[in-house]
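> sequence below, structure please.
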Amino acid sequence: MFDRLVEQFCVFDDFVSAVRGQIAGRLLSDGRSERRRGPPAGLVDSEIMTILIMYHESRFKDFKIFYNVMILKLFRTCFPCAPCYERFLTLTKSALPLLTLFLASMASIKTGIYYVDSTPLPVCHNKRISKHRVFEGLAARGRTSVGWFFGFKAHFIFNDLRQVVAVKITPGNVNDTVPLPELSNNLSGKIFGDKGYVSKKVAKILSTRGLFLLTRPKKNMAPLPISVHDEILLKGRSIAETIIGHIKEFSSLRLPRHRSVPNAFTHIIAAIVAYQFQPLTLSRKRIANP
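Down below sits the predicted model:
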């Protein structure tokens, strides 16, 4: 685990240095003359990013326990200037822009075969919706096949190597087909989804780009003729649900625990980055294009 920690820190440190170098010449001020409030951070941005990824790879369910035990005790020599837990929470939001840029830089292979799916990210129990304040004005009521929820939706596109190709977070009331044209921008080939993605309008938009949408027909629809190869790929669409379940379970995406919007979205991005470092391995040989 120590070797992996060092490896990831080096990756983040090189990335942060490259980003700082590119934006340094565009800043109006170097910020040194500005008054800084509060105690020194104690951790640089690359260390904060490393700790967040460590948490989402550790399978801990409580970030406070992880930080107090793993960072302040077991890995104290690696982070000698690590502040207390409460101070670290205030530093977490500073990593959101860098983690977002890092996720965008982790370019996945465009294989021509893609799977699209979405998952709800509830922020509270339905009985507490009227009293919820943290995500007020951002979260919305949505509905899935298992019922209503209040929160957000995470929309994913995966390739057949089980890598995240694109992701977008929307309020819970956004239909699955709405973000698909933007998510699939610059993609070509075939994309497979469930019945929630049935839309002639969206399919036409995608086809003009060279991306063909294939889904299971709804009950009142006649099945479209597709090749045996496409039928096999369509049956493999459930891998998207498996990947999403893996990210939500082992990366601990529990938004009801958060009391800060920036920190919540930071952990969402960190969980996806952690998965990109260790995507699910293929249990079977990849189905090649005919």
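> going by C-alpha atoms from here, please, whenever you check contacts or count neighbours.
OK.
> domain assignment for the chain?
If you go by automatic domain parsing, the domain ranges for the chain are 1-24+39-105+258-282, 113-250.
> switch these over to CSV; also include mean pLDDT and mean neighbour count.
Shown next, in CSV, are the domains of the chain (pLDDT from 0 to 100; neighbours: other CA atoms under 10 Å):
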stretch, mean pLDDT, mean neighbour count
domain 1-24+39-105+258-282, 90, 16
domain 113-250, 91, 17
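> is it true that residue 78 lies in a strand?
No - remark: residue 78 does not belong to a strand; assigned using DSSP: H, G, I helix; E, B strand; the rest coil, it is coil.
> may I have the phi/psi pair for it?
Main-chain dihedrals, residue 78, degrees, to the nearest 10: phi -80, psi -30.
> what about it, distance to residue 13?
Distance of residue 78 to residue 13, computed by CA to CA, to the nearest Å: 14 Å.
> now residue 144
In terms of CA to CA, residue 144 sits 40 Å off from residue 13.
> after the longest helix belonging to the chain, which helix or strand is next?
Longest among the helix segments of the chain by residue count, using DSSP state H, is helix 2-24. For helix 2-24, the succeeding helix or strand toward the C-terminus, using DSSP states H and E, is helix 45-58.
> which elements pack onto that following helix?
If contacts are counted by 3 or more CA pairs under 8 Å, 6 or more residues apart in numbering; DSSP states H and E, helix 45-58 sits against helix 2-24, helix 238-250, helix 261-277.
> so which of these is nearest residue 215?
Residue 215 lies closest, by CA to CA, to one member of the helices and strands packed on helix 45-58: helix 238-250, at 12.0 Å.
> quick one: the closest one to helix 45-58, angle?
Helix 238-250 runs at 110 degrees relative to helix 45-58, counting by axes from the mean of the first three to the mean of the last three CA atoms, to 10 degrees.
> give me the angle between helix 238-250 and helix 261-277.
Angle, helix 238-250 to helix 261-277, by the same axes, to 10 degrees: 120 degrees.
> packing partners of helix 238-250?
Helix 238-250 sits against helix 45-58, strand 113-122, helix 261-277, with contacts defined as 3+ CA pairs under 8 Å, 6+ apart.
> I figured residue 169 hits residue 139, correct?
No - assessed by CA atoms under 8 Å, residue 169 is found out of contact with residue 139, at 10.5 Å.
> so what sits against both of these two?
residue 152 (CA atoms under 8 Å, 6 or more residues apart in numbering).
> the stretch 101-250 of the chain: helices as residue ranges?
Listed in chain order, the helices of the stretch 101-250 of the chain (DSSP state H, counting those that start in this stretch) span 180-183, 200-207, 228-235, 238-250.
> okay, those in CSV with distance to residue 99 next?
CSV is the format used below for these (distance: least, CA to CA, whole Å):
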stretch, distance to residue 99
helix 180-183, 19
helix 200-207, 29
helix 228-235, 32
helix 238-250, 17
